[in-house]
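J.: sequence? don't have it. structure:
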């Protein structure tokens, strides 16, 4: 009886090693590839914005389409830190002899996307900073397997994320 039980346990462990471990390895590799694609697409999108000096709807749609081609859904956050040069104003926080301290103010995704259309771009000035962050919103197969095997659960966690930033080098129109 004990030999039969040991044999059943051995077969179960062998099945796990033969099927589940390679499956986990393949799904982890799939997430790594998706991570690489999203990071590259994010960097290219930020570079396009910084060299053209404007956020265009066609560029944004192409970026979203490229990252969604990985089979995941993403939450894309855009932040533009506008450079506000005030060379004639004195700042209260600095010494009295300093004039013209630069300030930055930010605009975010909803405001930016609300202003762009097929005919209208979101123009940027030279010196503005553009920050793009993309995080997956769905649960990948690797996350599901890990959750099943290790009993690791977590709400709001993401497996695939990319971020890129750049300073605008050309003023947009």
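T.: Arrived safely, thanks for sending. In this text the structure is predicted, and so the values were computed from the model without any measurement.
J.: all contacts plus neighbour counts: C-alpha atoms, from now on.
T.: Fine.
J.: so where's the longest strand in this protein?
T.: Using DSSP state E to define each element, the chain has its longest strand at strand 74-84.
J.: what about that one, average pLDDT?
T.: Mean pLDDT, computed over strand 74-84, is 92.
J.: Output the contacting helices and strands for it.
T.: Counting contacts by 3 or more CA pairs under 8 Å, 6 or more residues apart in numbering; DSSP states H and E, strand 74-84 packs against strand 103-108, helix 109-115, strand 129-136.
J.: Of all those, which one is nearest residue 121?
T.: Minimum separation from residue 121 across the helices and strands packed on strand 74-84 (CA to CA) falls at helix 109-115, 7.5 Å.
J.: Can you give me the distance of the residue most central in space within the chain to residue 77?
T.: Centroid check for the chain by CA atoms, centre = their mean gives residue 134 as the closest residue, at 1.9 Å. The gap separating residue 134 from residue 77 is 6 Å, by CA to CA, to the nearest Å.
J.: Over to residue 164?
T.: Counting by CA to CA, the gap from residue 164 to residue 77 is 11 Å.
J.: list residues touching both of these two?
T.: Overlap of the contact sets of residue 164 and residue 77 (by CA atoms under 8 Å, 6 or more residues apart in numbering) consists of 132, 133.
J.: what about these two, which has more around it?
T.: Shown here are residue 164 and residue 77; by other CA atoms under 10 Å, residue 164 has more neighbours (18 against 14).
J.: that older thread, so of the helices and strands packed on strand 74-84, which one's packed in deepest?
T.: Ranked by mean neighbour count under mean count of other CA atoms under 10 Å, the helices and strands packed on strand 74-84 are led by strand 129-136, which reaches a mean of 20.
J.: got the angle between it and strand 74-84?
T.: With axes from the mean of the first three to the mean of the last three CA atoms, to 10 degrees applied, the angle from strand 129-136 to strand 74-84 works out at 170 degrees.
J.: Which neighbouring elements make contact with strand 129-136?
T.: Strand 129-136 is packed against helix 21-52, strand 74-84, strand 161-167, with contacts defined by 3+ CA pairs under 8 Å, 6+ apart.
J.: try it again with 10 Å
T.: Counting contacts by 3 or more CA pairs under 10 Å, 6 or more residues apart in numbering; DSSP states H and E, strand 129-136 is packed against helix 21-52, helix 57-68, strand 74-84, strand 103-108, strand 161-167.
J.: What are the buried residues along the third one?
T.: Right, strand 74-84. Under the neighbour-count criterion of 16 or more other CA atoms under 10 Å, strand 74-84 has 74, 76, 78, 79, 80, 81, 82, 83 buried.
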